[in-house]
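>>> here's a sequence, model it:
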Amino acid sequence: MWIKRICRAASGAALPPVLAAAGLLLAGPCRAEPLPELHVSTTADRKIDFCLPCSVSGDRFVQVSLQHMTDPAKRTDLWRLTRAFDVERRGDSGFADRLGEEIVRPGEWECAIRLSEEGRRTEDDMGGFHGYELLTEVKAEVDGKRLDLSRSDRCIGRVLLFEQRSVMYLHGTDRPRAKHLKRYRIIAKGIELLQRIEWLADTRVETARMPMLPIVRSQRNGRQITDRLSMEGDPEEYDVSRTDRNLKVGGDGVERVKIWGRESGVTAEVTVRYEPELPGRRFFCSMYSPNYNKLYFDFCSPRDVKKGEKWKIRTTYILDIIR
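Below is the predicted model:
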């Protein structure tokens, strides 16, 4: 795991309450050096942008957005990860897009669940980009200081914590089906996301995709962003440089995937852990779209879930540019 280990102070004092409550820190030896800095900016009630430093030399960063999405027609009011850019620092706090187009698309990263009702699959998924998810609580802080999401501001810190609670509804209805917690811990190295699903009714789940990553294959000007993929436990390196409906890239029980571009230097690694571990856990890379490779992790095969059943999904996203 890339998460930095944090210990109790020599005096025996406990971890700061908000960090302990996040439940995402690992106990262990004291860290010798502070975490690298993270650049954070807020746009009033619309989004949080954060910039992750890259391995490539110079003032290069990957900028990612947590955006507030609302659409009453789709019963949508939530924050979600969306878009990533290759940016360069200009001056003390400004960042400029180097390529003129994102390197990760605005599609869903975190959660998309398809249900069926009375033997019929719903027309679309519930959750995130697909809608039918309504916010009940949101909070954020940087290094223990609360972020006022109603204001536009900039700051530099080492740990961004963000938490959202919401309810997901059967697609096309006002019938609640699950409580959804998303808790993010973001440091310079990357993003850790904890999701918890608590089912509010007996339900038939057809697909449960958590997490995903819609990373760009090639940009509109033809620039190649990703073309190679590897999976945990598989020695083969797969060519994902082109649209191909016939090529099957995936595997059962795969929990770590890396995708990268040999020329662009863009790399992404996604790791997932599930509780409980249910039958049908599977990864696949969708190459249907002409311009992105979408990574999908299936939580389970089709199954009936019971009211009160709880799922937990831990995901790490490491986004980098190595040259």
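
>>> need the contact list for residue 39.
Remark: with contacts taken as CB atoms under 8 Å, 6 or more residues apart in numbering, residue 39 is in contact with 50-51, 61, 89, 93, 95, 154, 156. No exception for glycine: its C-beta is placed from N, CA and C like everyone else's.

>>> and it, helix, strand or coil?
strand (DSSP: H, G, I helix; E, B strand; the rest coil).

>>> please shift the residue numbers so they start at 29 in all later answers.
Right, with 29 as the first residue, what we last looked at is residue 67.

>>> on the pLDDT front, check it for me.
pLDDT recorded at residue 67 is 94.

>>> quick one on the thing from earlier: among the contacts of residue 67, which one sits closest to residue 334?
residue 78 (37.8 Å; CB to CB).

>>> quick check: bridge partners of the closest one?
Residues in a beta bridge with residue 78, per DSSP bridges, are residue 68, residue 92.

>>> thought it was touching residue 190?
No: using CB atoms under 8 Å, residue 78 is not in contact with residue 190, being 9.4 Å away.

>>> overlap in contacts, those two.
Common neighbours of residue 78 and residue 190 (CB under 8 Å, 6+ apart) are 94, 214.

>>> give the pairing partners of the helix or strand hosting residue 323; include direction for each.
Here residue 323 sits within strand 320-326, counting by DSSP states H and E. Applying DSSP bridges, strand 320-326 is found paired with strand 231-244 (antiparallel), strand 310-314 (antiparallel).

>>> and the following helix or strand past it, average pLDDT?
Reading on from strand 320-326 to the C-terminus, the next helix or strand found by DSSP H and E is strand 331-333. Regarding strand 331-333, the rounded mean pLDDT is 98.

>>> buried residues, strand 331-333. List them.
residue 333 (16 or more other CB atoms under 10 Å).

>>> and what of stretch 114-134?
Buried-residue list, stretch 114-134, by 16+ other CB under 10 Å: 114-115, 117, 123, 127, 129-134.

>>> which one of those is nearest to residue 256?
Out of these, the member with the shortest distance to residue 256 (by CB to CB) is residue 131, at 15.0 Å.

>>> near residue 265, how many residues? Count them for me, please.
12 (other CB atoms under 10 Å).

>>> does it really touch residue 256, like I thought?
Yes: with contacts counted by CB under 8 Å, residue 265 reaches residue 256, the gap being 5.7 Å.

>>> out of the contacts of residue 67, flag the one nearest to residue 351.
residue 89 (14.6 Å).

>>> picking that back up, and the strands paired with strand 320-326: which comes nearest residue 330?
Nearest to residue 330 among these is strand 231-244 (5.1 Å), distances taken as CB to CB.
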